[in-house]
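In: Next input, structure requested:
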Amino acid sequence: MFGEYTQAVAQFKFGYPYLESATALFSLPSFYFYDSLANLAALSQNDFLENNKNKNHFLKQVNKNQKQMKKWADNAPMNHLHKYYLVEAEKYRVLNQKTQAIDYYDLAIKGAKANEYRHEEAIANELAAKFYLEWEKEQIAQTYLIQAYYCYARWGAKAKVEDLEKRYPELLAPVLNQDKQAINSNETISLRNTTTFHSTNTGTSLLDLATVTKASQAISGV
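Out: Take a look at the predicted model:
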């Protein structure tokens, strides 16, 4: 979630010996899902691209995870298919097969949204944005990043919202500037006592969950 990919990969290795004893747990698909995403993200870092042996090792683990994920996706697509799609998108990104990656990012986002996996919709949008940024398609990336920002906010992930603001201030400028104009610095809009988000880039302006939800629904046409 915050770019600590090599550390994540190392920590996941501690869980491998115990997977067979967790076959009935709903958290097991999440383990495979995030393990695959961490491995694929780590592959993009220079220290993991020094030789093909590392690359093949990581892709082998991802393919092993995906084989199991596909079984879950076939039996319960509402819960797992979008996870499978997002890992496929990231795999094709690593393999530099852009056309396939584009299709799978959109399928992952659509599936996560349809089945109300808000946090995974956010992750899929953010990863799609990074994909387009690497491709130097900033306008397209901005669209996905703004959607990721709203999804994280609606999920209640305050730290992640602030993280995106710090890392992508220019791409999120339309959202942050709009909030600055729309919200009076002396007012705080509350929604069932939810914690107000203090935007790190808008001075005294306040970014509140109700405002984020309203804007997100307007953009997505909900």
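
In: After whichever strand or helix holds Glu121, heading C-terminal, what element do we hit next?
Out: Using DSSP states H and E, Glu121 sits in helix 118-134. The C-terminal neighbour of helix 118-134 among helices and strands, as given by DSSP H and E, is helix 138-155.

In: Give the next helix or strand downstream of that following helix.
Out: Once helix 138-155 ends, the next helix or strand along the chain (criterion: DSSP H and E) is helix 158-167.

In: list the buried ones in that following helix?
Out: Neighbour-count burial for helix 158-167, with 16 or more other CB atoms under 10 Å as criterion, is recorded at Lys158, Lys160, Val161, Glu162, Asp163, Leu164, Glu165. For every residue, glycine as well, the C-beta is placed using N, CA and C.

In: Would you mind measuring from the first one to Glu165?
Out: Taking CB to CB, to the nearest Å as the measure, Lys158 falls 11 Å from Glu165.

In: one step back: angle of the helix holding Glu121 against helix 158-167?
Out: Angle, helix 118-134 to helix 158-167, by axes from the mean of the first three to the mean of the last three CA atoms, to 10 degrees: 10 degrees.

In: Use 35 as the first number for this chain going forward.
Out: OK, 35 is where the count begins now, so the last one is helix 152-168.

In: List of residues touching helix 152-168?
Out: With contact meaning CB atoms under 8 Å, 6 or more residues apart in numbering, helix 152-168 is reached by 35, 71, 116-117, 120, 123-124, 127, 135, 139-140, 142-143, 146-147, 172, 174-176, 178-179, 181-182, 185-186, 188-189, 191, 194, 198, 205.

In: With stretch 142-151 instead?
Out: 111-113, 115-117, 119-120, 123, 152, 154-155, 158-159, 162, 181, 254.

In: 10 Å instead?
Out: With contacts defined as CB atoms under 10 Å, 6 or more residues apart in numbering, stretch 142-151 is touched by 107, 111-124, 152-159, 161-162, 178, 181-182, 185, 189, 254, 256.

In: Can you list the buried residues in it?
Out: For stretch 142-151, using 16+ other CB under 10 Å, the buried residues are Ala142, Ile143, Gly145, Ala146, Lys147, Asn149, Tyr151.

In: Which members of these occur in strands, if any?
Out: Within these, no residue falls in strands by DSSP state E.

In: Okay, and which of those map to helices?
Out: Ala142, Ile143, Gly145, Ala146, Lys147 (DSSP state H).

In: Distance check, the third one against Glu204.
Out: Okay, so that is Gly145. In terms of CB to CB, Gly145 sits 30 Å off from Glu204.

In: same question, the first one
Out: According to CB to CB, Ala142 stands 26 Å off from Glu204.

In: for the fourth one, same thing?
Out: Counting by CB to CB, the gap from Ala146 to Glu204 is 26 Å.

In: what do you get for the second one?
Out: Taking CB to CB as the measure, Ile143 falls 23 Å from Glu204.

In: doesn't Gln100 fall inside a strand?
Out: No: Gln100 is assigned helix when assessed by DSSP: H, G, I helix; E, B strand; the rest coil, not a strand.

In: which ones are touching the residue nearest to it when sequence neighbours are not counted?
Out: The spatially closest residue to Gln100, leaving aside those adjacent along the chain, is Val121, at 5.9 Å (CB to CB, 6 or more residues apart in numbering). Residues in contact with Val121 (CB under 10 Å, 6+ apart) are 66-71, 73-74, 96-97, 99-100, 103, 138, 142.

In: Kind regards, and thank you for your time.
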